[in-house]
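Engineer: predicted model, plus sequence, below.
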Amino acid sequence: MRQFVFLLLITFCITACSNYKNTRECDDFRTGTFVWEQDSGGNLLKTTFERTENIQIETFEGVTDTSRVEWINACEWRIIPINPKTNADSRAYLFKILNTSKDSYSFEFKQSGRDQIYYGTAKKLD
């Protein structure tokens, strides 16, 4: 009986894992207008950005920044500030799409030269 239960459990795990599909339709999110909302200490922070093949214009708390976009592959890209105000602001950010849905994508990003990875979800507005 114990072997039967163990075999049933293993079969269930294999079946469940094989039915899971992580969707990544990255080309759908290469360009467009997006919004990313995040909670920070009970405050909802909102960033809107418009990305073309080569440029990203981002607005956060009334401040607009423009960055150059360098595509690594269909799901990964680098954002490089064009006119950084400080040396710390000049670091690139590396982005990677983890999965996609009809109108949004989940991503991870980190600042170049740093180990800390952050996560978010961006919704496509157009």
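Structural biologist: Everything's here; your move. Computed from a prediction, not measured in an experiment: that's the story for all the values here. Numbers count the residues shown, from 1 in each chain.

Engineer: residues near F34, how many?
Structural biologist: Neighbours of F34 under the rule other CB atoms under 10 Å: 21. Just so you know, the C-beta spots here come from the backbone N, C-alpha and C atoms, and that holds for glycine as well.

Engineer: quick one: it from T48, how far?
Structural biologist: Distance of F34 to T48, given as CB to CB, to the nearest Å: 7 Å.

Engineer: any shared contact partners between those two?
Structural biologist: Listed contacts common to F34 and T48 are L125; contacts here mean CB atoms under 8 Å, 6 or more residues apart in numbering.

Engineer: show me the residue at the heart of the chain, geometrically.
Structural biologist: F107 (1.9 Å; CA atoms, centre = their mean).

Engineer: dump the residue contacts of that one.
Structural biologist: Taking CB under 8 Å, 6+ apart, one finds 95-98, 119-122 in contact with F107.

Engineer: and the next element down the chain from the helix or strand containing it?
Structural biologist: Using DSSP states H and E, F107 sits in strand 104-111. Counting by DSSP H and E, the next helix or strand C-terminal to strand 104-111 is strand 118-124.

Engineer: got the angle for that next one vs strand 104-111?
Structural biologist: 140 degrees (axes from the mean of the first three to the mean of the last three CA atoms, to 10 degrees).

Engineer: so what touches the helix or strand that V69 is a member of?
Structural biologist: For V69, the host element (DSSP H and E) is strand 63-73. Residues outside strand 63-73 that contact it (CB under 8 Å, 6+ apart) are 30, 51-59, 77-83.

Engineer: ok, the very next helix or strand once past it: who's next to it in the sheet?
Structural biologist: Using DSSP H and E, the helix or strand that follows strand 63-73 in sequence is strand 76-81. Partner strands and pairing direction for strand 76-81 (DSSP bridges) are strand 63-73 (antiparallel), strand 93-100 (antiparallel).
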